[in-house]
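Enquirer: coordinates only, sequence not included:
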Ligand SMILES: [Zn+2]
């Protein structure tokens, strides 16, 4: 993979990372505002706890997971192994990376892994 393509992916990943971090900060700000806005005496402690839980859930597990994957992809870029399949070491198809810039596996291995996952076997923490 040439430098120009790597840099393009780095930009995309960094942009996505900023979006995800902004979403997390917005969720956290929501929590802070709910705390500061607790002026009404009828606002019970339990109701506040419910609200905090609800706000944090807005930064969903999916986005948290995506942030981890984006960070991992950026680390792989720095390490010079971005775009290589973690299973077989072959280059991940460029179209696949265009669709999912933090993909860890080539199309063949991703498909195989999906099948295994359906069979209840999970090999790696991040399955694309
Ligand atoms: Zn592979």
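Expert: Structure received. Please read all numbers here as calculations on a predicted model, not as lab measurements. Residues are numbered from 1 along each chain as shown.
Enquirer: contacts and neighbour counts: CA atoms only from here.
Expert: Noted.
Enquirer: Let me know the next secondary structure element after the lowest-mean-pLDDT helix or strand in the chain.
Expert: One helix or strand of the chain scores below all others by mean pLDDT, DSSP states H and E: helix 45-58, with a mean of 62. Using DSSP states H and E, the next helix or strand after helix 45-58 towards the C-terminus is helix 61-79.
Enquirer: which strands and helices sit next to the following helix or strand past that next one?
Expert: Using DSSP H and E, the helix or strand that follows helix 61-79 towards the C-terminus is helix 94-99. The helices and strands touching helix 94-99, judged by 3 or more Cα pairs under 8 Å, 6 or more residues apart in numbering; DSSP states H and E, number zero.
Enquirer: quick one: contacts of helix 94-99?
Expert: Helix 94-99 has contacts (Cα atoms under 8 Å, 6 or more residues apart in numbering) with 83, 103, 106, 107.
Enquirer: Format these as a markdown table; extra columns: secondary structure.
Expert: Formatted as a markdown table, the contacts of helix 94-99 follow (DSSP: H, G, I helix; E, B strand; the rest coil):
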| residue | secondary structure |
| --- | --- |
| 83 | coil |
| 103 | coil |
| 106 | coil |
| 107 | helix |
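Enquirer: ok, so of these, who is nearest the ion?
Expert: For the contacts of helix 94-99, the residue nearest the ion by Cα to the ion is residue 106; the value is 4.2 Å.
Enquirer: Quick check: that closest one touching residue 92?
Expert: Yes. Contact criterion Cα atoms under 8 Å: residue 106 and residue 92 qualify, at 4.4 Å.
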